[in-house]
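A.B. asks: Sequence and predicted structure, then a few things I'm wondering about:
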Amino acid sequence: MKFDIITIFPEMFDGLLSAGVIKKAVGKGLLEIGLHDLRDYTTDKHCQVDDRPYGGLEGMVLKPEPIFRAVEAIRQPEKSITCLLTPQGKPLNSRLAERLAGFQQVVLICGRYEGVDERIIEYLIDQEISIGDYVLTGGELAAAVVVEAVARFIPGVVGREESVRHDSFVSGLLDFPQYTRPREFRGYRVPEVLFSGDHKKIASWRLKKALEKTLARRPDLLESRQLTSEEEEILEEIKSERKES
Ligand code: 6GU
């Protein structure tokens, strides 16, 4: 699949492309990332991408012409979705990331915090996306976050498919704690159950820990999820333990 990113700061994506899982995925041909400088799609001699808002107010608004020209030049006819990164958008979650991974092309337009001309949103954009309830000066970091989150759902990008399925938010629960060597570090010990060799017991301990953490930090995740009977049982156990202590 291909991301085409339209931005006034293409150099902000150097970091994303120069290391780690994304670099490897591009190298393997699983993922393509096209960077497009919005100024290349202007027609005036000052390469102007923004202008003052009608009706007055502070700040500048991204003009429609360069963005329409860029998208019309870049967008492919099939299986393509055009997204705008904006704090007004739909909050990114793993369901949205997985849906985007199903497209052949995802065009990401990096907004500026003062806004974009509404006609862009109305007539060009399929999906507005936000990465959380805080304001960034531009959509560039948010676009990089979208690329990372979506890439994990492209087969072959993450080493083991298993690890994606077990990820928090894919499973719908927060992660259970992990430990590695040494068995004892400065007197702090790894939980005994992990050495038992009893895989069923270990799985059920991990599920209990994941449920405990989710209940304490993100009870909203439990409400939006159909629990299995084993999960229900463990959850009752946790709740009765809480009452006792
Ligand atoms: Cl997508 N853009 C900007 N500018 N700020 C944000 C955001 C996006 N998501 C959260 N804050």
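C.D. replies: Ah, there it is.
A.B. asks: low-scoring stretches of the chain, by residue?
C.D. replies: The chain contains residues with pLDDT under 70 at 162.
A.B. asks: now the lengthiest helix in it, how far from the chain's geometric center?
C.D. replies: Ranked by residue count under DSSP state H, the longest helix found in the chain is helix 199-217. For helix 199-217, the separation from the chain centroid amounts to 25 Å (computed by Cα atoms, centre = their mean, to the nearest Å).
A.B. asks: what comes up buried for it?
C.D. replies: Buried positions in helix 199-217, judged by neighbour count with 16 or more other Cβ atoms under 10 Å: 202, 205-215. (C-beta placed from N, C-alpha, C; glycine too.)
A.B. asks: cool, stretch 154-169 as well?
C.D. replies: Neighbour counts over stretch 154-169 (16+ other Cβ under 10 Å) mark 157-158, 164, 168 as buried.
A.B. asks: For those, give me TSV that also has secondary structure and distance to Thr137.
C.D. replies: Converted to TSV, the buried residues of stretch 154-169 look like this (DSSP: H, G, I helix; E, B strand; the rest coil; distance: Cβ to Cβ, whole Å):
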residue	secondary structure	distance to Thr137
Val157	coil	29
Val158	coil	30
Val164	helix	32
Ser168	coil	29
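A.B. asks: Can you get me a residue count around the closest residue to Ser224 other than its chain neighbours?
C.D. replies: Closest residue to Ser224 apart from its sequence neighbours, by Cβ to Cβ, 6 or more residues apart in numbering: Gly172 at 7.7 Å. Applying other Cβ atoms under 10 Å, we find 17 residues neighbouring Gly172.
A.B. asks: how near is Gly172 to the ligand?
C.D. replies: From Gly172 across to the ligand, the span is 23 Å (Cβ to the nearest ligand atom, to the nearest Å).
A.B. asks: try Pro155
C.D. replies: Distance from Pro155 to the ligand, by Cβ to the nearest ligand atom: 26 Å.
A.B. asks: Equivalent analysis for Met12, please.
C.D. replies: From Met12 over to the ligand the distance is 12 Å, taken as Cβ to the nearest ligand atom.
A.B. asks: Let me see the ranges of the helices in the chain.
C.D. replies: Counting by DSSP H, the helices of the chain are 14-17, 20-27, 64-74, 94-100, 118-123, 140-151, 161-166, 199-217, 219-223, 229-244.
A.B. asks: about what we covered before: now, which of the buried residues of helix 199-217 sits nearest Pro91?
C.D. replies: Nearest to Pro91 among the buried residues of helix 199-217, counting by Cβ to Cβ, is Thr214 at 18.5 Å.
A.B. asks: pretty sure the closest one is touching Leu221, no?
C.D. replies: Yes. Using Cβ atoms under 8 Å, Thr214 is in contact with Leu221, at 5.5 Å.
A.B. asks: and Leu57, how far is that from Gly15?
C.D. replies: Distance of Leu57 to Gly15, given as Cβ to Cβ, to the nearest Å: 33 Å.
A.B. asks: which strand of this structure spans the most residues?
C.D. replies: The longest strand of the chain (DSSP state E) is strand 80-91.
A.B. asks: quick one: the most centrally placed residue in the chain from Glu58, how far?
C.D. replies: Residue closest to the average C-alpha location in the chain (Cα atoms, centre = their mean): Ala149, at 3.6 Å. Noted for Ala149: a distance of 33 Å to Glu58, by Cβ to Cβ.
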